[in-house]
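Colleague: Kindly return the folded structure for what I paste below:
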Amino acid sequence: MPLQTHPHYQTLLEKAKDSHHNGRSTTGITDTDISHARLYCHAFRIHTIGAFHATRIALENIPVHDSQAAQFVEFSIDLLRDLADLGVDVIPENFRALISTFHRYDRWIRKIDHYLKRSLELEDNTNIRKTTKRFVEIMEQITSCNGIFLTRDTEAPSQASFVVPNLGITIVPLVYGDYHSWNLAYLAGEHRNVPVHRHQNGVEIHLGYPPINGITILGNNCSEVLEGYAMAIPPETDHGFINYSDEPHHVPFIFGSCIHGGWGVFLDVDAVSIQDDPWKRCSLSNDDMNNSVFLTRAIENALQSGHQERTVLIDATQTHSEESGGLELAITPISADPYSFQLDSFRAVSVVHGQGTVDIAGIKTNIGKHDHFGIPSNLSSSFVQSGAEPLVLLDSLLRRSAG
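Modeller: Below you'll find the predicted structure:
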């Protein structure tokens, strides 16, 4: 059965096919086509450490007895590696986004589906069948959307996340740009804490939302958190979270690196062994905690401000290094009057309050609390509130320079 596709996606497929049938001609490819292709490419990129990784791991651990069926499975595993490797490449801003990057994503996904179904014709393997079905379901969430792919920070979907080997925590990818990403650390059961660790060439912002009861750790210091927070983490700085509650705690986090890219979060991790409790207690907002932010208060202030203005909560200088760049986090309340972000680098967006509509490159979709999506660089965007209360957005950029 072919993948279910949205008319926008199908149009891009046909244009890519025509281009390759005509010597990779760019005739008929419009700026709109390129913009839409870039949106779909960034949606697929989420699965660099999502379904492309998780499906490969699942297949590698399923015994296949028929030799030819096993070969088809191995073909699929190789293609899943290739798909994950695409996350290393910057998505072009010209026709190559359509006839190269988008074309490869679609072609390799369809080949995987074909090879796995061929293997099932030779050996009826229940685990292969379940894995194939789930992979297709995840891909169709992208191919059947209009181009604006929404993810949520409320769960860890099966076969679409990554377990960090030396930390044991589950990471759910939400938004993937060229050099930074927005993810969710899904903390439950025996892995309900974030073990203390550091990044050599990456910068981070940890976010916490209520209900919350624990301490967040930064360097030699820590702060008790009973309300929402946002903590800026420079490179080579120990950090973690200890959950005092018996309830699961989810930590959305933003990772950036001009060296590794957003996918580098699972490579650039050094666990730190802590025997006792050596941290100095201090307020979240003081210098020792890198002037981190009480996020719940910032959201309440945005709701009450009455001004449709983007306010920087964490400046890029708080995490910046020459090699990694610095992450900027800002908050914007949106009213019934349209609001547009500047056209600059890739922007990761999280909806933290209300409901509204977003228009990116002429594509519109409804958004609400917990939704996440990306706006590629130099693509126009517009937001309006649609509910009774303001729509409130957090957004993040990776700034290469601290100025």
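Colleague: Quickly list what V293 is bridged to.
Modeller: Beta bridges link V293 to A230, judged by DSSP bridges.
Colleague: how about it, what does it touch?
Modeller: Residues in contact with V293, defined by CB atoms under 8 Å, 6 or more residues apart in numbering, are Y229, A230, M231, L284, S285, L313, I314, L329. C-beta coordinates here come from the backbone N, C-alpha and C atoms, glycine included.
Colleague: wouldn't the second one be in contact with L313 here?
Modeller: Yes: checked against CB atoms under 8 Å, the pair A230 and L313 is within contact range at 6.1 Å.
Colleague: Report the set of residues contacting both of the two.
Modeller: Residues touching both A230 and L313 by CB under 8 Å, 6+ apart: V293, L295, A298, L329.
Colleague: hmm, who's touching the least confident helix or strand in the chain by mean pLDDT?
Modeller: Taking mean pLDDT, DSSP states H and E as the measure, the helix or strand of the chain with the lowest value is strand 270-271, at a mean of 72. Strand 270-271 is contacted from outside by N166, L167, P195, V196, H197, R198, H199, Q200, using CB under 8 Å, 6+ apart.
Colleague: That one pairs with which strands?
Modeller: strand 194-198 (antiparallel).
Colleague: Check what contacts the partner strand and list those residues.
Modeller: Strand 194-198 is contacted from outside by 166-169, 185, 187, 206, 217, 235-241, 251, 269-272, 274, using CB under 8 Å, 6+ apart.
Colleague: closest to D33 among the shared contacts of A230 and L313?
Modeller: Within those, proximity to D33 (CB to CB) peaks at L329, which comes in at 32.4 Å.
Colleague: Would you check that that closest one makes contact with G256?
Modeller: No: between L329 and G256 there is no contact under CB under 8 Å: 10.9 Å.
Colleague: Going through the contacts of strand 270-271, which ones are buried?
Modeller: L167, P195, V196, H197, R198, H199 (16 or more other CB atoms under 10 Å).
Colleague: Now pLDDT too, for those residues, in JSON lines please.
Modeller: Shown next, in JSON lines, are the buried ones among the contacts of strand 270-271 (pLDDT from 0 to 100):
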{"residue": "L167", "pLDDT": "73"}
{"residue": "P195", "pLDDT": "83"}
{"residue": "V196", "pLDDT": "87"}
{"residue": "H197", "pLDDT": "86"}
{"residue": "R198", "pLDDT": "87"}
{"residue": "H199", "pLDDT": "88"}
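Colleague: Out of those residues, the closest to R96 would be?
Modeller: Proximity of these to R96 (CB to CB) peaks at H199, which lies at 31.0 Å.
Colleague: Spit out the contact partners of the closest one.
Modeller: H199 makes contacts with I233, P235, E236, F255, S257, V265, D268, V269, D270, as judged by CB under 8 Å, 6+ apart.
Colleague: residue contacts, the fourth one?
Modeller: Contacts for F255 were tallied using CB under 8 Å, 6+ apart; they are H180, S181, N183, H199, G202, V203, E204, G262, G264, V265.
Colleague: Please flag which of those sit within strands.
Modeller: Under the assignment DSSP state E, these contribute H180, S181, N183, V203, E204 to strands.
Colleague: among these, who's most crowded?
Modeller: Neighbour counts for these, by other CB atoms under 10 Å, peak at H180, which reaches 34 neighbours.
Colleague: how much space is there between the residue lying closest to T319 once chain neighbours are set aside and G326?
Modeller: Nearest non-adjacent residue to T319, counting by CB to CB, 6 or more residues apart in numbering: V203, 3.8 Å away. Computed with CB to CB, to the nearest Å, the distance linking V203 and G326 is 6 Å.
Colleague: Could you do F253 as well?
Modeller: To G326, F253 is 15 Å away according to CB to CB.
Colleague: S76 too?
Modeller: 39 Å.
Colleague: Any stretches of the stretch 301-403 of the chain with poor pLDDT?
Modeller: Scanning the stretch 301-403 of the chain for pLDDT under 70 picks out the ranges 402-403.
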